[in-house]
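Visitor: take a look and give me a structure for this.
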Amino acid sequence: MCGITGYLHFGTKLETSNEPILRMLSLTRHRGPDDSGIVYVDTGQQRIEIADPNEPAQLAFPADLILGFNRLSILDLSDNGHQPMRSTDGSVILLMNGEIYNAFDFRESLQKKGHRFRSTTDTEVVLNLYLEYGFEQMIRMLNGMFAIVLYDAKSGQLILARDRFGIKPLYVLEDEARLAFSSEMKAFKALPDFRFELNENHLDELLLFRNLINRTLFRNVTNLTPGTYWTVDRSGETQIHIYHDLLSEDIQTAANHEVIAMLDQALNNSVQAQLMSDVKLGCQLSGGVDSSLVSYYAACHVDKEQLNTISIIFEEPDFSEEPYIDYAADLLNLEAHKFTLSADYYMEQFGTATWHFEQPLNHPNTIGIFLLSQEARKHVTVLLSGEGADEVLAGYLRFLDTARNPWLTRMFLSRLRSNNRSLLPVIRYYADPRLRMVMASSFCSLAAASDLKPDFEFDRAVTYRADLAAGLDGKNLRNYRQYEIMTYLPDLLMRQDKMSMASSIENRVPFLDNDLVATALGFPASGLIAKRDGKKEPKFALKELCASKFNEAFAFRRKMSFGIPLRSFMKASPFQEFLHQELLPGMQRRGLFQTESIRQASTHLAQASSDQLEQIWIMSSFESWAQQFLD
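Guide: Residues are numbered from 1 along each chain as shown. As a prediction, this is how the structure comes out:
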């Protein structure tokens, strides 16, 4: 796992110093503390040189393309894995952040075709796949998580790409004079004549959903859409290509009786493939079904002394899954490391976690993952997590609504209660299955959003998502899962990436293996949602599989979803001081939102409704972010 950064100047402007790229690399050093590299290019003259990644210096010649890389060594820890990596003739430069789990399936055939290897890295396999097959065919062959930047001097093209599910980030800044790219947006702070500016058009969507689906709150900055790559020529003309479309994937429907066995095999294969590493591995064990199964399969393929589990627990018993963590670790005979998330730590690290996340913190448990990664780095370098299982295998309670009359669900009654001043918009979107699916993953009520932002507009908040959902059937469980993979999952993956990489930890997600996702999308609804003890269970197939490896009570208990005792943390004096001394005054000066409802709710937290807690959370996370990136 590593950090990519760089920029391309357009027109006549050229770079003469390595200082900007050194500053960009410095801001993202945590992503790759083991090695750094810089290459600069005069694309017009096709001159390519290596710059010193340590000392400020003038470039040997003015360059329009600058490429920088920070490496976290996972495979082939030697200098042979150094990046940027160049082809044998020096004409192609490759930067890759991530892991390609099927890379070594191609190595022998590439050698037979005459390609030679200096390293045992997957990066060099990808480079030779490109040389042999070209970019479009190469990228379709890859099964893994990645962001790729490639420059080909012969074609004169710069190519930027992101994996099909958005596990790894690749941000792009476009302005009149340049195109910059990086694994983290904070690197753009180092660019001359640049400052972050707020895109206010996205605030309504942020209030409702806490995320923007591969877009950002900054003007002219975006995260590449998963499954796409960009080609950029010297003039800055950009073309966007789709190499993987989740909605048009060829899906083979499975019979109901085949589901458990197929899932067992697919998950076992995925975990086994994702254990490739030259450094120590661990599992991010929450005690839930998803992470426990990942730990189970990992333990089947790795010597026990080489595998650790890392867990976050809480002092409040209603939020702690410590008994289940202990049960899973003991059953698998794995060394377990548990760390308590306290209110004091939560407040101390709120700003630091925000700095690394680069957007308002999406979920309160983001800081829990930050702590887990900090502690994990003392024991391992690679962590496997259960992220993605709920989206791929229908794990959220909202998936149950696909088989219900929407007007008779608890969700509908809850939305009516929390929006008693906005009943018509609620009834309107509930009458549309597409909008009902869109709004199922919202957090803030329409009434609460309007309290915070009097000019809040529902249409402005949901249009982008509604367009993504066009043509999908909210009653079709496969469509619903596809929508969640495209919209809800990307932000969770950025949480995993940013919080783990802040501590130089590589986080892998076996549930998002290409073959596993394709297999799971073919599962019938009856295999994923089924009745047990008189009530319907989401993610039924995975729970059945878990029960076969652990036990029934372990697999079918109430889902806790790595919850955080947020009310308790907000009542603690560190948060109260932070809110009233820094955040509320900052919100008032900024003038974007109304703060009176926040002030009142924060002084009566014991009685605060879930909507009021949501208001406090989203406004606190926004203001903390704004003070670091906009002020």
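
Visitor: got a pLDDT number for the residue lying closest to Phe194 once chain neighbours are set aside?
Guide: Spatially, and ignoring its direct neighbours in sequence, Phe194 is nearest to Phe188 (6.0 Å; C-beta to C-beta, 6 or more residues apart in numbering). All C-beta atoms are positioned from the backbone trio N, CA, C, and that covers glycine. Looking at Phe188, its pLDDT reads 98.

Visitor: neighbours of Phe188, just the number please.
Guide: 23 (other C-beta atoms under 10 Å).

Visitor: do the same with the one 5 residues further on
Guide: For Asp193, the tally of surrounding residues (other C-beta under 10 Å) stands at 7.

Visitor: and the pLDDT at it?
Guide: At Asp193, pLDDT is 89.

Visitor: mind listing what the spatially most central residue of the chain touches?
Guide: Taking C-alpha atoms, centre = their mean as the criterion, Leu493 is the residue nearest the geometric centre of the chain, at 1.8 Å. Applying C-beta atoms under 8 Å, 6 or more residues apart in numbering to Leu493 gives the contacts Phe165, Gly166, Ile167, Glu387, Gly388, Val509.

Visitor: verify the stated contact: the last one with Lys168.
Guide: No. The pair Val509 and Lys168 does not pass the contact test of C-beta atoms under 8 Å, sitting 10.4 Å apart.

Visitor: what's the overlap in contacts for these two?
Guide: Met145.

Visitor: sorry, back to before: who are the contact partners of the residue nearest to Phe194?
Guide: Per C-beta under 8 Å, 6+ apart, neighbours of Phe188: Met24, Tyr171, Leu173, Ala180, Ser182, Phe194, Phe196, Val221.

Visitor: looking at the chain, which helix is longest?
Guide: If each helix of the chain is counted by residues according to DSSP state H, the longest one is helix 610-629.

Visitor: avg pLDDT for that one?
Guide: 95.

Visitor: return the alpha-carbon coordinates of it using PDB.
Guide: C-alpha atoms of helix 610-629 as PDB (Å, rounded to 0.1, in the frame of the first residue of the first chain):
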ATOM      1  CA  SER A 610     -31.600  10.700  17.400                       C
ATOM      2  CA  ASP A 611     -32.200  13.500  14.900                       C
ATOM      3  CA  GLN A 612     -30.700  16.000  17.300                       C
ATOM      4  CA  LEU A 613     -27.700  13.800  17.900                       C
ATOM      5  CA  GLU A 614     -27.300  13.500  14.100                       C
ATOM      6  CA  GLN A 615     -27.400  17.400  13.800                       C
ATOM      7  CA  ILE A 616     -24.700  17.700  16.400                       C
ATOM      8  CA  TRP A 617     -22.600  15.000  14.800                       C
ATOM      9  CA  ILE A 618     -22.700  16.300  11.200                       C
ATOM     10  CA  MET A 619     -22.200  19.900  12.200                       C
ATOM     11  CA  SER A 620     -19.300  19.100  14.500                       C
ATOM     12  CA  SER A 621     -17.600  17.000  11.800                       C
ATOM     13  CA  PHE A 622     -18.200  19.600   9.200                       C
ATOM     14  CA  GLU A 623     -16.800  22.500  11.300                       C
ATOM     15  CA  SER A 624     -13.800  20.600  12.400                       C
ATOM     16  CA  TRP A 625     -13.100  19.800   8.700                       C
ATOM     17  CA  ALA A 626     -13.700  23.400   7.500                       C
ATOM     18  CA  GLN A 627     -11.300  24.800  10.100                       C
ATOM     19  CA  GLN A 628      -8.500  22.600   8.800                       C
ATOM     20  CA  PHE A 629      -9.100  22.800   5.100                       C
END
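
Visitor: and that helix, which residues are buried?
Guide: 611-626, 629 (16 or more other C-beta atoms under 10 Å).

Visitor: host element of Ser548?
Guide: Take DSSP states H and E as the rule and Ser548 turns out to sit in helix 540-549.

Visitor: any idea which helix or strand comes after that helix?
Guide: Per DSSP H and E, the helix or strand that comes after helix 540-549 is helix 552-555.

Visitor: which strands and helices sit next to that following helix?
Guide: helix 322-332, helix 540-549 (3 or more C-beta pairs under 8 Å, 6 or more residues apart in numbering; DSSP states H and E).
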